[in-house]
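Asker: Here's my sequence, what's the structure:
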Amino acid sequence: MKFCDTCDNMYYLRNLKDDKLYYYCRHCGKEEYNLSQNNFKVFKYDSETKIKNKSINEYTKYDPTLPHLTSIKCPNESCSTNRSDNPDKPDVLYIRYDDKNMSYMYMCCLCDFSWKA
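Answerer: Residues are numbered from 1 along each chain as shown. Predicted coordinates:
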């Protein structure tokens, strides 16, 4: 962290058009262009990369703000919704995990089985 020589307020970083950084003071407006490159670490974050191992926390089913479906049966064969004798009413919650491709992740609230579609 670096401070302004004039008013002792904290310097902030700003980006020039040619991707060079400089310090500036929000209080007095002083700018400093001579930066040492040893103090910076640049991270590139790609929000479009797909994460293969997305899962739903087992306690997510207790969140009352998430939408639930009763028209989808659980694909888990050992789930109580798939029993032939006295089956339970299906209760499946869904979460959209990929906005671009409109992909959803589902979770059965009875057996905690989750799947993607």
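
Asker: Domain-wise, how is the chain divided?
Answerer: Per the record, the chain has its domains at 1-41, 60-116, by automatic domain parsing.

Asker: What separates the first and last residues of the longest one, distance-wise?
Answerer: Taking C-alpha to C-alpha, to the nearest Å as the measure, domain 60-116 stretches 16 Å from start to finish.

Asker: chain center to that domain, what's the gap?
Answerer: Relative to its parent chain, domain 60-116 has a centroid offset of 21 Å by C-alpha atoms, centre = their mean, to the nearest Å.

Asker: hang on, the earlier thing: out of the domains of the chain, which one sits most buried?
Answerer: domain 60-116 (a mean of 13; mean count of other C-beta atoms under 10 Å). Quick note: C-beta positions are derived from backbone N, CA and C, even for glycine.

Asker: average pLDDT for it?
Answerer: Averaging pLDDT along domain 60-116 yields 89.

Asker: Which residues are in contact with the nearest residue to Y11 once chain neighbours are set aside?
Answerer: What sits nearest to Y11 in space, not counting adjacent residues and going by C-beta to C-beta, 6 or more residues apart in numbering, is Y23, at 4.0 Å. Counting by C-beta atoms under 8 Å, 6 or more residues apart in numbering, Y23 touches K2, Y11, Y12, L13, R14, E31, E32, Y33, L35.

Asker: mind putting those in TSV, pLDDT included?
Answerer: Formatted as TSV, these follow (pLDDT from 0 to 100):
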residue	pLDDT
K2	86
Y11	91
Y12	92
L13	88
R14	88
E31	91
E32	89
Y33	85
L35	75
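
Asker: what's the farthest-apart pair in those?
Answerer: Spatially, the most separated pair among the contacts of Y23 is Y12 and Y33, at 13.9 Å (C-beta to C-beta).
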